[in-house]
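> Show me how the following folds:
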Amino acid sequence: MAGLSLYFEDGNDDVDDFGFDDYGSECDGIRITAFLDAGQDNLTPLGRLEKYAFSENVFNRQIVARGLLDVLREFSDNENDFISVMETVARMSEDGEPTVRAELMEQVPNIAMFLHENRPNFPEAFSRYLVPIVVRYLTDPNNQVRKTSQAALLVLLEQGLMSKADMELKVCPVLLELTEPSSDDDLKIEAVAIMCKLVTMLTKDTVEHLLLLRFCELCSDIRLFQVRKVCAANFGEFCSIVGQEATEKLLMAKFFDLCSDSLWGIRKACAECFMVVSNCTSPEVRRTKLSPLFINLISDQSRWVRQAAFQSLGRFISTFANPSITGLHFCEDGTLREIPKTSSESRGKEVATSNSKNSHNASNNVIKPHLEQLHSTSETNTPSHPHQGHYNAAGHSSTRPGNLPILSQQQLDDCAMFNSFNFWRPLLPDISQDLQLLQGAQTEEKKEIMRRAEDEENDNVPSLDTQGPATSSQIQKVLDSQVKVLSAALKAAQLESQTEDTDESMSESNGSAESPSSEELSAMSELSLTDAQITDSPSTSPVLVDDSEHSSEESDLIENMEEERDSDMLKTNEEERSKVQNVIPQQLLDQYLSMTDPARAQTVDTEIAKHCAFSLPGVALTLGRQNWHCLKDTYETLATDVQWKVRRTLAFSIHELAVILGDQLTAADLVPIFNGFLKDLDEVRIGVLKHLYDFLKLLHADKRREYLYQLQEFMVTDNSRNWRFRYELAEQLILIIELYNHSDVYDYLRQIALNLCSDKVSEVRWISYKLVVEILQKLYSCEAHDLGLNFINELIMRFCHSPKWVGRQAFAFICQAVVEEDCMPMDQFAQHLLPSLLSLSSDPVPNVRVLVAKALRQSVMEKPYFKEPGSSYSDELEEALAELRLDKDRDVRFFASLDPNRNVIDTAALI
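Prediction:
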């Protein structure tokens, strides 16, 4: 492999016949345009081009086609020669050998780019000679030639080399012809694919006038499912180009048909592009039409369709996002920011708050008389005709209570205008008849249960006092019947309690509740069996004890179980109610929350939890922070998922979620999860570390300070060779410095920075030196000169006096960065750092002297403090630079005498 040449290698066979007379078997490679060189035939270069371009040998024609770009470069100076070459290319495009045509088409994009850069009349020459070749090859009978022309056409459009006129007049008509119903199947499928790819590079007018109707016809192609599949896969691109009006008018019906296609591959393609289609529709269409359609895809019979639908579910939900509800918007750089609140918005909120208070007071005043008179008016004040009930603004029918005063039409209009309760909420309907029917049904059921219990007791309970000593079978029958009767009584009592609760709510003003009937009391009194009813014989039967205590314990146990069940049902109902919102259709949210169900991983996709975690910030943004309670449990479930990929996905997006939720919800719900990620695997911790600054700046100062103690833990990794982890830590620390005061920076971040400066990897040390400079700048900007001086002394001891040349070189780099960034006053620099820097000018290692020369010449000497003639340090600096200009090392001499105004050469490779 080492001996392979980048040029075409020729062998010994028939070299002369191929036209390469000047090259023998000993040459390593040949020049493609060698046939243009003068030979024994005494032909001009153009003549030799004609000779080999139309040679009977296929190999010669292939070589000419492959070298057309070099040929054009040879003849581009002469206009007549250039036209001759282009005409030769046009004739070569009609070659009967498919390999020659394929070679020629591969060179068309390169030739077009060359003409665009070097020819003033590029559009005319390109449209006259090359575009017809590309269009003709789209219908070539050879598959390789067609594929090459399609690829060349896409490249020409991506580079913007083909004009709009050529596309509309030459390319699009050919594509429309190939997509006719009578066209060849293979050509039709390829034409549909290329048309769908071209649509993203065309203008909206071109697509609407030329391709849109044909695309709609192709979406309904019954004979070829491949055509429908290509249309489904590129449906979103068409919708994005033509816009909302054409999408809802023409494309939406076709999309519904494709989503219900008999082939699962087409339905899967629709699920994958659902978000793009949703973005091109109005909110009403999105909610009323697309949401039920997407629910059908989620419950599709094909697992692959369900898998694609669940992967697109979060993205589809994100299309419901409304900045006016979420209060957030995306900036041009992609960051998520809060929408600034204007004074008019704040005044609007105050008005809304006052209106809500008024409506609440009005609702209390209206609801109370309705509840008091609901039961009394159910019989006496029911309208004689059902159509006499009026309808409120929400469309619900309601009847007017009979004891309320009848108002005139003018008074009714005034009430409708000024009554905030009637404006915000519909009137309560009369449900007294329904409650009476329900109460009567429960009473009949209760009586039927008691009647059955009495019959069973009379039939099954044996009379022990008349039969003498009781046998074991008789005792067992007594116990069984007692349990049955007790169960029936408990059920009747439960129904009675429900009835009493209903009656109390209906007739609270009367203060009366129903009491048990005499039949129920007699049935309850017959349930207990005393010792007098069961006589035992010590010789023939076992001793029976009083069962009343056992019965009470059993009833207590049943009551406790009922209470636990009721409490569980209450909690479940509260959880279900807590997940109800009105931003998106509830079914979509329910399906999204079910993605954490372990059953989904078995029936849909093993990585469905990862897709749920990936789209969770988008769903949270759509719902808004006021509906975070709907996603809180799901987020906690994902944060404790056994798959580290799921936790890693959450770790990379937790800072974005913190922006969405705000500081209060972040401190309450996200900080505990963030702390858990800090102790996770390195694959998860790197997600937290990459956005550590973005997350910490959203916390309060006291909460943020707690993480100072945990930053040191990032120095410990599962794999010590993972140097990129430490590199990322240094980058984040540079940003984090601004979040803490100078004392915390000196006490906690300083030691971490010094440890990173001693890292084994050069890249980590390089970024750590910048961190040291930022810390020094922080100290001096906060007027902490004592801490700054202590830090400088530590740098001198650790780096300037280091036994390793890498440390001394690092000191020179730090000094240069301090001067360039103006981290400290120049008089302080000259007093504390400059003497140590000058001492390194005679270091025995050239790499150290190179950095010293660069720092002195490019940075220190350019400061006005040192350039002034009266400066006390100018003489020392000039003397040091003079010695460095005479250094024995060439690089040291170069940087010592380099003009500072020239481009600064990067010496990072020397560190």
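
> I'd assumed Ala668 was in contact with His700.
No: using CB atoms under 8 Å as the test, His700 is too far from Ala668 to be in contact (11.9 Å). (C-beta placed from N, C-alpha, C; glycine too.)

> can you give me the strands in the stretch 251-400 of the chain?
328-330, 336-338, 390-391, 397-398 (DSSP state E, counting those that start in this stretch).

> Can you get me a residue count around Leu756?
A count of neighbours around Leu756, defined by other CB atoms under 10 Å, yields 22.

> average model confidence for the helix or strand where it lies?
Of the helices and strands defined by DSSP states H and E, Leu756 is found in helix 750-757. The average pLDDT for helix 750-757 rounds to 94.

> Repeat that for stretch 618-636.
Here the mean pLDDT over stretch 618-636 is 93, rounded to a whole number.

> how long is it from one end to the other?
In stretch 618-636, first residue to last residue: 17 Å (CA to CA, to the nearest Å).

> quick one: low-confidence ranges for the chain?
Low-confidence segments of the chain (pLDDT under 70): 1-43, 45, 119-123, 329-337, 340-579, 899-911.

> So what touches stretch 848-865?
Where contact means CB atoms under 8 Å, 6 or more residues apart in numbering, the residues beyond stretch 848-865 that reach it are 805, 808-809, 812-813, 815-816, 819-820, 826-827, 830, 834, 837, 840-843, 866-867, 871, 877, 880-881, 884, 887, 889, 891-892, 895-898, 900, 904, 907, 910-911.

> Could you report the neighbour count for Glu728?
19.

> That one and Tyr707, how far apart?
Distance from Glu728 to Tyr707, counting by CB to CB, to the nearest Å: 16 Å.

> and if you look at Thr247?
Computed with CB to CB, the distance linking Thr247 and Tyr707 is 48 Å.

> sorry, back to before: what is the subsequent helix or strand relative to the helix holding Leu756?
Moving toward the C-terminus from helix 750-757, the next element (DSSP H and E) is helix 762-781.

> Can you list the buried residues in that next one?
Counting neighbours by 16 or more other CB atoms under 10 Å, one finds that the buried residues in helix 762-781 are 764-780.

> That one packs against which elements?
Using 3 or more CB pairs under 8 Å, 6 or more residues apart in numbering; DSSP states H and E, the elements in contact with helix 762-781 are helix 723-736, helix 750-757, helix 785-795, helix 805-820.

> Can you tell me which of those helices is most buried?
When neighbours are counted by mean count of other CB atoms under 10 Å, the highest per-stretch mean among the helices and strands packed on helix 762-781 falls to helix 805-820, a mean of 23.

> Which stretches in the stretch 801-911 of the chain count as strands?
Taking DSSP E, counting those that start in this stretch as the criterion, the stretch 801-911 of the chain carries no strands.

> ditto for the stretch 1-150 of the chain
Taking DSSP E, counting those that start in this stretch as the criterion, the stretch 1-150 of the chain carries no strands.

> buried subset of the contacts of stretch 848-865?
808-809, 812-813, 815-816, 819-820, 826, 830, 834, 837, 840-841, 843, 866, 871, 877, 880-881, 884, 887, 889, 891-892, 895-896, 898, 907, 911.

> all helices of the stretch 601-750 of the chain, in order?
If you assign secondary structure with DSSP state H, counting those that start in this stretch, the helices in the stretch 601-750 of the chain sit at 608-623, 632-639, 644-665, 671-678, 682-690, 692-696, 701-705, 723-736, 742-744, 750-757.

> Repeat that for the stretch 51-200 of the chain.
For the stretch 51-200 of the chain, the helices identified by DSSP H, counting those that start in this stretch occupy 58-66, 68-75, 79-92, 98-118, 122-125, 131-137, 143-158, 164-166, 172-178, 185-198, in order along the chain.

> Show me which residues of the first one are buried.
Buried residues in helix 58-66, counting neighbours by 16+ other CB under 10 Å, are found at Phe59, Asn60, Arg61, Gln62, Ile63, Val64, Ala65, Arg66.

> Give me the distance between the second one and Ser93.
The reference is to Asn60. Applying CB to CB, the value for Asn60 to Ser93 is 16 Å.

> And Leu754, by the same measure?
Computed with CB to CB, the distance linking Leu754 and Ser93 is 69 Å.

> for Asp718, same thing?
61 Å.

> Which of the two has more residues huddled nearby?
More crowded of Asp718 and Ser93, by other CB under 10 Å: Ser93, with 20 against 10.

> The more buried one is in contact with Val131, isn't it?
No: the pair formed by Ser93 and Val131 falls short of the contact definition of CB under 8 Å, at 11.4 Å.

> how is the protein carved up into domains?
Each domain of the chain is listed here as a residue range: 32-258, 828-910, per the TED database.

> Pretty sure Tyr769 sits against Cys757.
Yes: in this structure, Tyr769 is within contact of Cys757 by CB under 8 Å, at 6.4 Å.

> Check the contact lists of the two and give me the overlap.
If you check Tyr769 and Cys757 against CB under 8 Å, 6+ apart, the residues they both contact are Ala810.

> residues touching Leu175, list them.
Leu175 makes contacts with Leu138, Ala191, Ile194, Met195, Leu198, Leu211, as judged by CB under 8 Å, 6+ apart.

> Now these in JSON lines, please, with extra columns for distance to Glu87 and neighbour count.
What follows is the contacts of Leu175, written out as JSON lines (distance: CB to CB, whole Å; neighbours: other CB atoms under 10 Å):
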{"residue": "Leu138", "distance to Glu87": "22", "neighbour count": "21"}
{"residue": "Ala191", "distance to Glu87": "29", "neighbour count": "27"}
{"residue": "Ile194", "distance to Glu87": "28", "neighbour count": "23"}
{"residue": "Met195", "distance to Glu87": "31", "neighbour count": "26"}
{"residue": "Leu198", "distance to Glu87": "29", "neighbour count": "21"}
{"residue": "Leu211", "distance to Glu87": "33", "neighbour count": "23"}
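
> Can you say which of the domains of the chain is nearest to Leu733?
Distances from Leu733 to each of those were compared using CB to CB; the minimum, 19.6 Å, belongs to domain 828-910.

> Count the residues that sit near the closest residue to Leu202 other than its chain neighbours.
Once its chain neighbours are removed from consideration, Leu202 has its nearest residue in Met167; the separation is 6.5 Å (CB to CB, 6 or more residues apart in numbering). When neighbours are counted by other CB under 10 Å, Met167 registers 21.

> for Lys679, same thing?
Other residues within reach of Lys679, judged by other CB under 10 Å, total 10.

> one step back: now the helices of the stretch 51-200 of the chain in a markdown table, with distance to Thr288?
Rendered in a markdown table, the data for the helices of the stretch 51-200 of the chain read as follows (distance: least, CB to CB, whole Å):
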| stretch | distance to Thr288 |
| --- | --- |
| helix 58-66 | 58 |
| helix 68-75 | 57 |
| helix 79-92 | 57 |
| helix 98-118 | 47 |
| helix 122-125 | 49 |
| helix 131-137 | 44 |
| helix 143-158 | 38 |
| helix 164-166 | 38 |
| helix 172-178 | 35 |
| helix 185-198 | 28 |
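
> and of those helices, who's closest to Ser282?
Nearest to Ser282 among these is helix 185-198 (24.6 Å), distances taken as CB to CB.

> The closest one versus helix 143-158: what angle between them?
Angle, helix 185-198 to helix 143-158, by axes from the mean of the first three to the mean of the last three CA atoms, to 10 degrees: 20 degrees.

> I'd like to check what contacts the helix or strand that helix 185-198 is followed by. Which residues are they?
With elements assigned by DSSP H and E, the helix or strand that comes after helix 185-198 is helix 204-206. Outside helix 204-206, the residues within contact range by CB under 8 Å, 6+ apart are Lys164, Met167, Glu168, Cys172, Ile241, Val242, Gly243.

> Filter those down to the buried ones and hand me the PyMOL line.
Typed into PyMOL, the line below selects the buried ones among the contacts of helix 204-206, using 16+ other CB under 10 Å:
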select buried, resi 167+168+172+241+242
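
> Closest one of the contacts of helix 204-206 to Phe256?
Distance ranking of the contacts of helix 204-206 against Phe256, using CB to CB, places Val242 first at 17.0 Å.

> Can you give me the buried ones in the strand or helix carrying that closest one?
Secondary-structure element containing Val242, defined by DSSP H and E: helix 235-246. When burial is assessed from 16+ other CB under 10 Å, helix 235-246 yields the following buried residues: Phe235, Gly236, Glu237, Phe238, Cys239, Ser240, Ile241, Val242, Ala246.
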